[in-house]
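Student: Show me how the following folds:
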Amino acid sequence: MSQHLGNPGHARASVADGAWRRPAARSLLVAPLRNARELIPSLAPVILIAVSQRGMAYWLLLLVVILPVLLAVLRWWTTTYRVTGDQFQVCHGVFRKHLLTAQLDRIRTVDAEASLLRRLLRIVDLRVGTGAHEDVALHGIDAGQGAELHRVLLARRRSASAEAGASADASGPGGAAEPGGAAEPGGAAEPGGAAEPGETFEPGDAFASGSGAPGERTVAAFTPAWLRFAPFTMTGVATALTAWAIGARIVNEFKLGDTIGPWIERARDATAEFSRAWLIVELLLGTVIAVSVLSLVAYALANWGYRLTRRDDATLHVRRGLLTSRAVTIEEARLRGVVVEQPLFLRVPRGARAKALVTGGGRGDDHGSRSSHLLMPPAPVAVVRDAVADILDTDRPLRTGLVRHGVRASRRRYSRALLAVAPCAAALAGAAWWWGWPGWTAAGAVVILALVPALASIRARWLGHALCGDPHQLTGPDAGYLVAAEGAFPHQHHCLRTRAIIGWVMHESFFQRRAGLVTLEATVATSTGHVRILDVPKSRAVQVIRAATPHLMDEFLDPAGRP
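Tutor: Numbering: from 1, shown residues only. Reported below is the predicted structural model:
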């Protein structure tokens, strides 16, 4: 395969000229760090041998330094990319060549990310989503070319989709595309999608903190007042537990118990004169403070500078991050709905967050989740609801009253809550009786059982569903929506466009069957795969199917309308 490598640093050279390009050479300053992180599990035995054997074995540590650098150079030299008339191609591989090809009309998302060090070096990482199991990743490209490539891929995608939609219309009814697969409202872009004469792409374009692009309007933006929601997100708890697990592993692997043992003994002796109750209070207070600080730091690192904007080309843009900046583009034509989440503790300061239900967005990323689907970080619930109403062009799905599922569904909330906490309460009570634990242990079991009615009442009150709008409309203020609400950890309020539903699934457990309830799932082509309505009466489930998707399920129902 012959390759012509363009000059990555030339500001006037367009990435749409079809020439093969390599990532920026300065990415070699950070690539060894990423390789070292990937090779840690494989090189850990080498490090342990070198440290334990000493002497000549220390020369093995050179392998830990040389191997990541050598691998980074080889990866940089063998990685090239280009944009052709209808494809985006990435070629890479040290010992085996891999040519990854993404059809431009299949590109769903183009996400950009840059850590603090990469921002200083003016390089970015791009991730192109096509709806396949894995995205096409391109690391360490010049930030200016990354911004241009981001724009060109989306412009070419819209142009290809418009041509495909025109071909489908010309072929007659048999060639009709699925809902949302036709050309986007923004119209066809220029075939080249390249920069206009004299237009340049600055390294910070992909991570600009404010609007300023033509036709761009700000929907929501971060304010420092949002930091008050950080302690209620529980990210500090997860961070503290992760740090504790890593610390315990390090102590165990390097046998540091004898080293830190005297410190623990001195701390125990110093606190021996205090009462146990006072120590417990201090420990709890210190834990709350530490978790709150960790939550604040994690929230600021992830969401500082957040801004959600809409553009005239029918796309949503999300930018956020303090040290590591992320820029995500979501096409409105691929948006199937929105989920508003309110974890139990986040409801205390009246906060919420929102995620997008996007079709063809892939199944995961390097972090095991689709962070590109986040629309709103924890923020005031009124701000989140206003942003969702702006995105959906209507607030009807958020203000429509829910249809409750009846006494039997509420009763299941109480029984399930009791089954969840009863083993824990029984264990505490048993330990207090068998081993003679303090009396407050048995009191804790009573408190846990006392929480059952409150928890069950909250979950029963937040359970329901609704239908609103015209089920034949896919977008716009009159679009039809299926609304499903459930849960407390967190409470989720799904707003799904009915035209996006491609099927239905009914689940009945043994206990649900006895109560005449079912779990109804609306199948949709998103990363989650479905939106469920929990513990709905079977007769009502059939009504929902018929109202949301007319004639879709008639062939599966008997003359009496039963499944």
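Student: quick one, phi psi at R108?
Tutor: Main-chain torsions, R108, degrees, to the nearest 10: phi -110, psi -40.
Student: That one - how many residues pack around it?
Tutor: Residues lying near R108 (other CB atoms under 10 Å) number 23. In short, each C-beta sits where N, CA and C put it, glycine included.
Student: is it true that it touches H373?
Tutor: No: R108 lies out of contact with H373 (CB atoms under 8 Å); the separation is 11.4 Å.
Student: Chain neighbours aside, what residue packs nearest to F511?
Tutor: Using CB to CB, 6 or more residues apart in numbering and skipping the chain neighbours, the partner closest in space to F511 is R412 (7.4 Å).
Student: Quick one: neighbours of the one you found, just the number.
Tutor: R412: 22 neighbours (other CB under 10 Å).
Student: Roughly how far does it sit from V518?
Tutor: 12 Å (CB to CB, to the nearest Å).
Student: Show me whatever sits in contact with both of those two.
Tutor: Q512, D535 (CB atoms under 8 Å, 6 or more residues apart in numbering).
Student: sec struct for the residue nearest to F511, please.
Tutor: Classification of R412 using DSSP: H, G, I helix; E, B strand; the rest coil returns helix.
Student: Contacts only, for it.
Tutor: When contacts are counted by CB under 8 Å, 6+ apart, R412 touches F511, Q512, A515, L517, D535.
Student: Please read off the pLDDT at it from the model.
Tutor: Among the per-residue scores, R412 shows a pLDDT of 90.
Student: again, but for P197
Tutor: So P197 comes in at 33 (pLDDT).
Student: likewise C468?
Tutor: pLDDT at C468 comes out at 92.
Student: hang on, it packs against T400?
Tutor: Yes: the pair C468 / T400 is scored as a contact, 4.6 Å apart, by CB under 8 Å.
Student: in the sheet, who's paired with the closest residue to Q87 other than its chain neighbours?
Tutor: Leaving out its chain neighbours, the residue that sits closest to Q87 by CB to CB, 6+ apart is T101, at 5.3 Å. Listed beta-bridge partners, T101: Q89 (assigned using DSSP bridges).
Student: Just give me the neighbour total for T101.
Tutor: Count around T101 with other CB under 10 Å applied: 14.
Student: circling back to that earlier point, okay, and the common contacts of C468 and T400?
Tutor: Listed as contacting both C468 and T400 by CB under 8 Å, 6+ apart are Y481, V483.
Student: Between the two, which has more neighbouring residues?
Tutor: Of the pair C468 and T400, C468 is the one with more neighbours under other CB under 10 Å, namely 20 against 16.
Student: Is the more buried one bridged to anything, and to what?
Tutor: Going by DSSP bridges, C468 forms beta bridges with Y481.
Student: Tell me who's in contact with it.
Tutor: Contacts for C468 (CB under 8 Å, 6+ apart) come out as R396, P397, T400, G480, Y481, V483.
Student: and the fourth one, how many residues sit next to it?
Tutor: I take that to be G480. Using other CB under 10 Å, G480 has 23 neighbouring residues.
Student: show me the contacts for it.
Tutor: So G480 contacts L467, C468, G469, D470, P471, H472, Q473, R497, T498, R499, A548 (CB under 8 Å, 6+ apart).
Student: Count the residues that sit near the fifth one.
Tutor: To tie it back to what came earlier, the one meant is P471. 21.
Student: can you pull the pLDDT of it?
Tutor: pLDDT recorded at P471 is 84.
Student: mind listing what it touches?
Tutor: Going by CB under 8 Å, 6+ apart, the list of residues near P471 reads G480, T498, R499, A547, A548, T549, P550.
Student: and it, how far is that from W226?
Tutor: According to CB to CB, P471 and W226 sit 36 Å apart.
Student: try the fourth one
Tutor: Relative to W226, D470 is positioned 36 Å away (CB to CB).
Student: Looking at those two, which one has more neighbours?
Tutor: Shown here are D470 and W226; by other CB under 10 Å, W226 has more neighbours (20 against 14).
Student: and the more buried one, what does it touch?
Tutor: Contacts of W226 (CB under 8 Å, 6+ apart): Y299, N303, P377, P378, A379, P380.
Student: and if we set it to 10 Å?
Tutor: W226 makes contact with Y299, A300, N303, W304, Y306, G351, P377, P378, A379, P380, V383 under the criterion CB atoms under 10 Å, 6 or more residues apart in numbering.
Student: shouldn't V544 be in contact with L496?
Tutor: No: using CB atoms under 10 Å, V544 makes no contact with L496, being 11.7 Å away.
Student: got any residues that touch both of these two?
Tutor: When contacts are counted by CB under 10 Å, 6+ apart, V544 and L496 are jointly contacted by L482, A484, A522.
Student: What's the separation between the closest residue to the first one other than its chain neighbours and A488?
Tutor: Across the structure, with CB to CB, 6+ apart as the measure, the residue nearest L482 apart from its sequence neighbours is L496 (4.7 Å). The span separating L496 from A488 equals 21 Å under the rule CB to CB.
Student: between these two, who's got more neighbours?
Tutor: It is L496, of L496 and A488, that has more neighbours when counted by other CB under 10 Å, with 24 against 20.
Student: count of residues packed around A143?
Tutor: Neighbours around A143, by other CB under 10 Å: 23.
Student: and if you look at V318?
Tutor: Neighbours around V318, by other CB under 10 Å: 24.
Student: My understanding was that it contacts L308; is that so?
Tutor: Yes: under the criterion of CB under 10 Å, V318 makes contact with L308 at 5.4 Å.
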